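Engineer: Give the three-dimensional model of this entry:
(chains A and B)
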Amino acid sequence: MPTGYDSATVWLVIALAGVLTFAIRGSFIYLFGRIDDVPPAAESALEYVPAAVFAALVFPALLAPSGDLAVSVGNEKLVAGALAALAAWYTERVLATILVGMGALWVLRFVV
Amino acid sequence: MPTVSSDLLDGVRAAGPLQLGIAPFGLVAGVAAVEQGLSVAHALGFSSLVFAGASQLAMIELLGADAPLAIVVGTAVVINLRTMMYSASIAPYFRDLTARSKALASYLLTDQAYAVSIARYGRDGETDRFAYYVGAGASLWLVWQVTTVAGALLGSGLPPELGFDFAAPLVFLALLVPTLKDRASGAACLVGGLVATGVVVAGVPFHLDIIVAAVVGVLAGLAVESLGGDA
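Structural biologist: Residues are numbered from 1 along each chain as shown, chains lettered A, B, ... in the order given. Model (predicted):
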């Protein structure tokens, strides 16, 4: 679905996200000496960010691809995603995960 | 004594195998940008100014869904918070750098550049650490720029029935699986994923799913950790 935002607004988002991303990455590289370590509580919390965030990006796309819950073998994205998850688990490779997932989607869509 | 350029090349070489993951990821980021109505220049803008794959891809999808701009940027910040851990962990090795070199090091701080460099620093004290890091980080950067542009140029020609939009969640899946190290991270994943799905299905406005799921998922991880779920 094409965005309704105009080009200048997209550039604004890019610039803002760029500055903030740089600030996050530079945080401790610049502050080292003033703050030697992440506070332990913050460190534990940060440790779980990737799992929670990446799951939030994956689950809805598989469980509710069109916005409604669709937990059945008729949901081609759920089936293809489950196969891709196995590929990710055993290979830990981005390329293998994409190939298995897209391949399974095409088989379900055009062959089965 | 190792020369600067040999350490730089070592960094380039160490990042080599990871390029196999970066290249398709970059293609997906480029294709996604064009599919959501952005230009090739926007795709390159994301890749060069933000240079953070997962957050780029999420922002592109949110822009395509016309989510509020604060949510678009806020989601990117949440996704990139993990690099704060890398920043803290690698900072001691970079403390003697000039401000300009620190800026370059910060700009290039990706999952991959961090992983490759920190592994080397732990093994070998002789390396010119900054040169090695720049070798890894800059070569990853270059492949990322080239593949995003290639994806964006290719993107407009892809037939929609092939469903290439599905490649984005597949990339996230490939990033998700290696984060599942123990029960607590498993709980963060399961709770975060289900909460995000619940938010989407319930039709909560403003595309808050990722931000809400991140908060609840992290709390779930912390709860399981404090219960001693150490297996």
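
Engineer: Helices along chain B, start to end?
Structural biologist: Assigned by DSSP state H, the helices in chain B fall at B:4-35, B:40-45, B:53-64, B:69-80, B:82-90, B:99-107, B:111-123, B:129-155, B:167-176, B:183-201, B:209-226.

Engineer: Counting by contacts, list what the third one packs against.
Structural biologist: I take that to be helix B:53-64. Packing partners of helix B:53-64 (3 or more CB pairs under 8 Å, 6 or more residues apart in numbering or on different chains; DSSP states H and E): helix A:7-31, helix A:49-63, helix B:4-35, helix B:69-80, helix B:167-176. C-betas here are computed from N, CA, C, even on glycine.

Engineer: redo that, cut-off 7 Å
Structural biologist: If contacts are counted by 3 or more CB pairs under 7 Å, 6 or more residues apart in numbering or on different chains; DSSP states H and E, helix B:53-64 sits against helix A:7-31, helix B:4-35, helix B:69-80, helix B:167-176.

Engineer: Pull the residues that contact the helix or strand of chain B with the lowest mean pLDDT.
Structural biologist: For chain B, counting by mean pLDDT, DSSP states H and E, helix B:111-123 ranks last in confidence among helices and strands (a mean of 87). Contact with helix B:111-123 is made by B:14-15, B:18, B:22, B:86, B:89-90, B:93, B:127, B:129, B:132-133, B:136-137, B:140, as judged by CB atoms under 7 Å, 6 or more residues apart in numbering or on different chains.

Engineer: Equivalent analysis for stretch A:11-22, please.
Structural biologist: B:42, B:45-46, B:49-50, B:52, B:55, B:59, B:63, B:69, B:72-73, B:76-77, B:80, B:106-107.

Engineer: Flag the shaky bits of chain A, pLDDT-wise.
Structural biologist: A:1, A:36 (pLDDT under 70).

Engineer: ok, and the closest non-adjacent residue to residue B:68?
Structural biologist: residue B:206 (5.5 Å; CB to CB, 6 or more residues apart in numbering or on different chains).

Engineer: The one you found contacts residue B:71, doesn't it?
Structural biologist: Yes. In this structure residue B:206 lies within contact range of residue B:71 using CB atoms under 7 Å: 5.5 Å.

Engineer: Quickly note the distance from residue B:97 to chain A.
Structural biologist: Note on residue B:97: its distance to chain A, by CB to the nearest CB, to the nearest Å, is 8 Å.
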